[in-house]
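Q: here is a sequence together with a model predicted from it:
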Amino acid sequence: MATAGQDRDSNRRSRTEDEGEGAGDAHDDGPEGPADHNDHEDAPPAPAKKPNVFSKLVTKLGLDKPTLLMMFKGSLPPTIGIAMCQAPVVASYFATLGYLIPIITVLSLAILPRGKFLMNLLLSLLAVCFGAAISMLALWSSVQARAHTASSTEQTINSVTYNSSQSAVCAVWLFANIWFGNVVRAKLPSFNLPIIMYSILVNISATFGPFLTTTAAAAAFIKQLLTAMLTALALALCVSILVFPVSSRLVVFKEFTGAIGLLRKTVALQKAYLIRLESDDMFAVATRTDTSPGFREGSKETKPLTKEAKAAKALKEITDKMAELSGKMHADITFAKRDVAWGKLDAKDISELFALIRNVYIPIMGMTTIIDIFKRVSEHRGWVGSEDELPEVMSEKEREKRVWNEVMKRMHEPFHILSEAVDGALEHAGLCLELLPRAKQHGKAVGKAAGADVEAQGEQIKPGEPGFARIVDELVEKFRSRKGELLKTWARETALMTEEEEVDGVRWKFSGEKREREKAQLYVVLYMENLMHASGRAVQELVAFADAKVADGTMSKKRLIVPGFRRLRKWIMAILSNEDSSAEQAPDLMESSPNIVYSGDSYNKKRDPEHLPPATPWEHFGTRLRKVSDFFGSEESMFGLRAACATMTIGIIAFLENTQRFFMEQRLVWALIIIAIGMSMTSGQSFFGFLCRVGGTVVAMVFSLIIWYIVDERRPGAIVFLWLFVFIDYYFFIKYPRFIPAIMITIVTQVLIIGYELQVLTIGKEVAERTGQPYYATYLLAPYRLACVAGGSVVAFFWTVFPKPLTDRTWLRRDLAATLYLMANYFGVINSTIQSSMNAKTGDLTVPGTPAYQLYKAGRKIFGKVMLLLPSMSQHSYWQRWEPTIGGKFPREAYDEIIMRSTRIMGYLTLISYTLTHPTPTQSNDASDEKASPESGEETGGPAEDGREAWRDSLARVLQILKPTHHAILSTLTLLSNSLLSGQSLPPFVPLPRPYEMTRRLMWLNYRHGSDSEDDSNRSIDSQELERRNLRATGSPSTPSQSAAHINILHPKNMDQPGYAEFAVLQVCTTLVCDDLEGLAKAVSGLVGVVDFSFRIDSSESTSETSFGVSGKDSSKGKVD
């Protein structure tokens, strides 16, 4: 959850005029917002007041206004439910079932945002109504069983006697309903709370069923039970809508506001980090005064950070917050688009705004990868090494560091210009879209502004005012004009290309590792320039969107916003399906292109290795029949079976003659309800939940004794104190979401104990004991509830781990394997996008039905699945800590490393995908566009245009011929995924890709090409292989000029060509992926092992190594051991 300072910022930002609603959502605290000085620029500085003890406590606890409002809102439904049951009319109708009303209001979660609450309400209504119908059927069948098996003497007796047939029928129905409910709960997570209500209804009706002798009595009981639950749901609905309503749109708007603030802060910290890289002493330890807090001479402290590491740490913290917020927005945006509201921006506007903010977020976050780049460069090059190195080595390292310093110095001014544009554009968009509050102007300031000449203000246009978009455009254009300075600085420092050099006559000389490092530096420079330019273009689009909404009147007035039928239909389909729609392509989707399109296997349904696709009607019937057996054998069905067995472990007491009265008198139905609430699929979550439920019940027992006896058992005082304690409970519910199970049990147990005592005071002791449950005082009832909860929790935990537990560690391994496989698919989409963008035959990305659109859609679907898996992995990584370790320790460090590297690889792949779908226009393109303007009367084309087309054609041919490292990355990810899922050992020669492989091979071909021109008879095998691959890829041999163009394609003279910058981004990101992929392979091999039958014999004299097949000494490249 957010800190106290973040809560205060969220409170200030939550006053969105868009929605006109009274409060922000304290349950979903937003992150940091923009700096406070923007709100009061003209106000004189006021002397800071020293906060008192109460203010410090409030700040430390995070008790801001939205949190207090949500605490109050959450405590209202159970309090109103209990107070309502004190009315004689209500109490006489519900009798002993009145306690269900406050309990169901707690489970309804009225503090949820409106969209989520309404979805939960509809599903709860469906579950409760269906459960009532099934329960009525069960009770009717049990009554019929009694009627057909009872003797004539039993039928004439007025008192209820035990009937084994009726009890057996009720037991069978209970077992079947618990199994079915928990299967749905495990299969469809949206039904989690509704199925708990369903289970409560079924448990009460089935265990009370053996005492009902007539159909009329059963119908009256079910009607009473259903009415109590529907009343509770109606009460929760009224509180949710009428008391401090919070829409899902408002939650997303707060997240948009937080994203704007975090992006602005990220840009500022990025600028500070680049400044650190300018200095020669960037690896010096950050200075600290002796009087700084916590400094003690000789004290044990953590390792001091360098200046670069200190700046990187601050930047990393803010980027982690932004990544977390991005995941929140991705999850909440769907509910915001479905919400009904009185506002300004509709669902389409929200979706477009989210896409624009994401387009700003990706390149800005991508620029922070300079931390990883610089860290890896410094580690690989040993910049922080020993002083005992040779002078030549030290001189080379100092020279390389000086190149980086000079490049970063030249980057400072362009980035400063860009940061001004990004910061101003984000603030302008936030003000225009009413996501940020406008600064309040006092009377004098308003008078001066009214009297001032608008033209005299000129450049003083502020964000949020008309015409500010022109300022942003000017800043971005100013940045673009400085684009070539970085490249010139790099070229001058590396002496690779000078102004006097003949461009056409240039021929590189192969100089090994040094030349490769210089090319890597060039790619990093182009990488940063491309991302900076993409950031500027993205904020320009965001500003244009904000100005368009102001211009067309969208932001001038509110209107009723209702989701369309298509969106509602998609909502229902998403609820009833745990998977996205199939990616199988219909034939007519590809008919818009004049070319014949053959789609790959990944577009089709997943194949069954044991069955061919069905061809005959009988085979189709057999396929459907196999789905039935697959359903009953699924993990969800096994979880339902465990839950049913756990329920019957205690529930069987209610259906045996000697124990039936004991079950009713001791209220063991509450143990069944605890089992319904506490059953989980994994053992770690179950053990944690067991501790939470028992601990929460102990706390509730103590609170209940205080509530009841502190007011001397008086009804008004008990209700008030119950509200106070529930109000306090909701603070922990909001601030500590991991402990929600314990807090829910605490609230429900308090409501149950106090509600029962108040119920007895209202209806009388005689009526309360009419059902066979004796009256217990509070000091006895509270320990009995604790015993029921403890017993139910122990049974639930036992059946979670018996006969074989499904551990969170197993689930974590599966999630990691699925993530790696999805990343392999995502990289496959990227690879296909690269190839399709070069041949220009896949159509427009924005036109549905074209291959380019299908690639984009498939990539977006995979990205969404990965975004859902990442929080699941974090959750299981947390739950596994609570699992008892039997045997060896769990390799937590290895799994944490796999999660970290997988997350980073996904970030790099996202950056590649963004770069490919948002290409950067080059200066040559702009120049040609200006020359081809209508006023000039010239047509497009000419030598420059022909040169760009020839270069693009050469790049396309090279990408098709060399296949740099893409196939190796895809193959390695797939191999690691399958090995992690199955637990099978990795092969000894994992095809690990090498960074800059394409650059290295082209440089080698260039060197060989230079030698071949002197002696054609000594033509290298690499040049011959190049021609063979070109013939296979293109179907036509290349001419000598084309071969030379292919070989010299990466020369710095081509850096202004369209696609060169994107190629640089691809190379840098691929290098980072390769580095993390190597660490990923080592971590996975440490878990599953390697197929290696070699042995080593060490002796004092010599060491020998032998292997069956291939010697390990000859396999240093790519071998994982």
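A: Alright, I've got the coordinates.

Q: who's in contact with Tyr779?
A: Leu705 (C-beta atoms under 8 Å, 6 or more residues apart in numbering). For the C-beta atoms, the positions are set from N, CA and C on the backbone; glycine is no exception.

Q: in which helix or strand does Ile417 reside?
A: Ile417 is located in helix 391-432, with elements delineated by DSSP states H and E.

Q: and for Arg1096?
A: Counting by DSSP H and E, Arg1096 is part of strand 1095-1098.

Q: quick one: average pLDDT of the helix holding Ile417?
A: Taken as a whole, helix 391-432 carries a mean pLDDT of 78.

Q: what's the answer for stretch 981-998, then?
A: Here the average pLDDT along stretch 981-998 is 76.

Q: same thing with stretch 366-381?
A: The model assigns stretch 366-381 a mean pLDDT of 74.

Q: which residues touch it?
A: Residues contacting stretch 366-381 (C-beta under 8 Å, 6+ apart): 266, 270, 273-274, 277, 283, 308, 312, 315-316, 319, 383-384, 397, 400, 404, 524, 528, 531-532, 535, 904, 907-908, 911, 914, 1068-1069, 1072, 1075.

Q: now the residues you listed: which count as buried?
A: 266, 270, 273-274, 277, 308, 312, 315-316, 319, 383, 397, 400, 404, 524, 528, 531-532, 535, 904, 907-908, 911, 914, 1068-1069, 1072, 1075 (16 or more other C-beta atoms under 10 Å).

Q: and Thr96, what does it touch?
A: Gln759, Ile763, Val767, Ala768, Arg770, Thr771, Gln773.

Q: in the stretch 51-200 of the chain, what spans have low per-residue confidence?
A: In the predicted model of the stretch 51-200 of the chain, residues 153-159 satisfy pLDDT under 70.

Q: so which elements touch the strand holding Arg1096?
A: Judged by 3 or more C-beta pairs under 8 Å, 6 or more residues apart in numbering; DSSP states H and E, strand 1095-1098 is in contact with strand 1103-1106.

Q: mean confidence for the strand it packs on?
A: Across strand 1103-1106, the per-residue pLDDT values average to 42.

Q: and for stretch 637-645?
A: pLDDT averaged over stretch 637-645 gives 92.

Q: pull the residues that contact it.
A: With C-beta under 8 Å, 6+ apart as the test, stretch 637-645 has contacts from 175-176, 178-183, 186, 631, 675-676, 679, 681, 799-800, 806.

Q: give me the buried entries from those.
A: Buried residues within the contacts of stretch 637-645, defined by neighbour count using 16+ other C-beta under 10 Å: 175, 178-183, 186, 675-676, 679, 681, 799-800, 806.

Q: which of these sits closest to Val694?
A: Set against Val694, the nearest of the buried ones among the contacts of stretch 637-645 by C-beta to C-beta is Ile675 (13.6 Å).

Q: whichever helix or strand that closest one is part of - contacts with which helices or strands?
A: Using DSSP H and E, Ile675 sits in helix 669-678. Helix 669-678 sits against helix 192-208, helix 635-651, helix 683-709, helix 740-763, helix 778-801, with contacts defined as 3+ C-beta pairs under 8 Å, 6+ apart.
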